[in-house]
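K.L.:
could you work out the structure for the sequence below:
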Amino acid sequence: MNIIKIITPKIMAHAIKFTGGRLTIVRLGLALGLLVSAGESRAVSADAGTTSLNFLKVAVGARAAALGGAFSAISEDASACFWNPAGLTSTPPNELFFMQNRWIADISQSAASFTFDVPRVRMGVSMNYFGMGDLERRGTNSVLPDGVFTPFDLALGVSAAYQINPDLSAGVTARYVHESLDSETAEATLFDIGIRSRTMIPGLTAAFTVRNLGTELKYESKGYPAPRLVSLGAAYHRLLPWKGSSMLVCAELESPNDNDARIALGAEYGFREFIYGRLGYRSGLAYEAFSYGFGINYLKLR
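P.N.:
Got it, this is the predicted structure:
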């Protein structure tokens, strides 16, 4: 099944932390060659093509994209609003995350999230915008276009996370989604739930998430389900013998409602707490199954 073939998209992401009125960029990354919902499927599922709002499948964040999307167990910055809301308990308050994803033609994605505290709960708000540029409008028999329109998708979310005990946290995200297609619009209300736990093995973290539960997107009384995803993830982080170096490996088993089960794998090597190289893999894609990227850590820029 041919879905969309997009060649080497580039994802830039920033996480910006406000502390005492000062603005500090604390994360910066670049990811290349990742297609989450694009490419040609190796084996076509009977449910392929049955969901709406497929922009929600596109990875949010350069680090997550470079690691193949195996991110639910390690999402511990403001981007956890998009991956696993339980990870917000490991995120400092007043952190702002921003991502700009430039694809081919005029297709682009912008996402942002911000964390803050209320008593006993870490909160987050998020925005995910997916624009497809200007498209020509044509009638059934017209040769020339009779105008242009700009289709887009927009998701606005509120997340809450609670630290159950020192090793276990849980979170939920409520998300309003709006889709505009020329004169037609549709809305849906979706929910993500997640848990994240440190295990008895030092450095090993496990996570479970269910994303995009909720109402169908409806056009002219016909409903189209959202791309629901159930995932089980794990990540292992270890400091290496030489100073400032570390290794992270992560894996995720995913069960979507519109395709067969698949796996995502990622690895990250940090050298002297300065530069980080990342590699990822996703099964089920004939093209662009591998992803890669890097990050730097200089004056709290990573």
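
K.L.:
tell me the first helix or strand C-terminal of whichever strand or helix holds residue 212.
P.N.:
Per DSSP states H and E, residue 212 falls inside strand 204-214. Of the helices and strands lying after strand 204-214 in sequence (DSSP H and E), the nearest is strand 217-219.

K.L.:
can you map out the helices along the chain?
P.N.:
Secondary structure of the chain, counting by DSSP state H: helices at 62-66, 80-83.

K.L.:
list of residues touching the shortest one?
P.N.:
Going back to what we said before, that points to helix 80-83. Contacts with helix 80-83, where a contact means Cβ atoms under 8 Å, 6 or more residues apart in numbering, come from 60-61, 64, 71-72, 75, 86-88, 90-91, 97, 111, 113, 124-126, 128, 157, 159, 161, 171, 173, 194, 209. Just so you know, the C-beta spots here come from the backbone N, C-alpha and C atoms, and that holds for glycine as well.

K.L.:
how far is stretch 158-178 from where the chain is centred?
P.N.:
15 Å (Cα atoms, centre = their mean, to the nearest Å).

K.L.:
start to end distance for that stretch?
P.N.:
One end of stretch 158-178 to the other measures 15 Å (Cα to Cα, to the nearest Å).

K.L.:
tally of neighbours for residue 202?
P.N.:
When neighbours are defined as other Cβ atoms under 10 Å, residue 202 has 9 of them.

K.L.:
check residue 212 too.
P.N.:
Around residue 212 there are 23 other residues, counting by other Cβ under 10 Å.

K.L.:
check contacts around it.
P.N.:
Contacts of residue 212 (Cβ under 8 Å, 6+ apart): 53, 56, 190-192, 226-229.

K.L.:
ok, back up a step: any idea of the mean pLDDT in the strand holding residue 212?
P.N.:
Averaging pLDDT along strand 204-214 yields 97.

K.L.:
how about stretch 132-151?
P.N.:
Taken as a whole, stretch 132-151 carries a mean pLDDT of 74.
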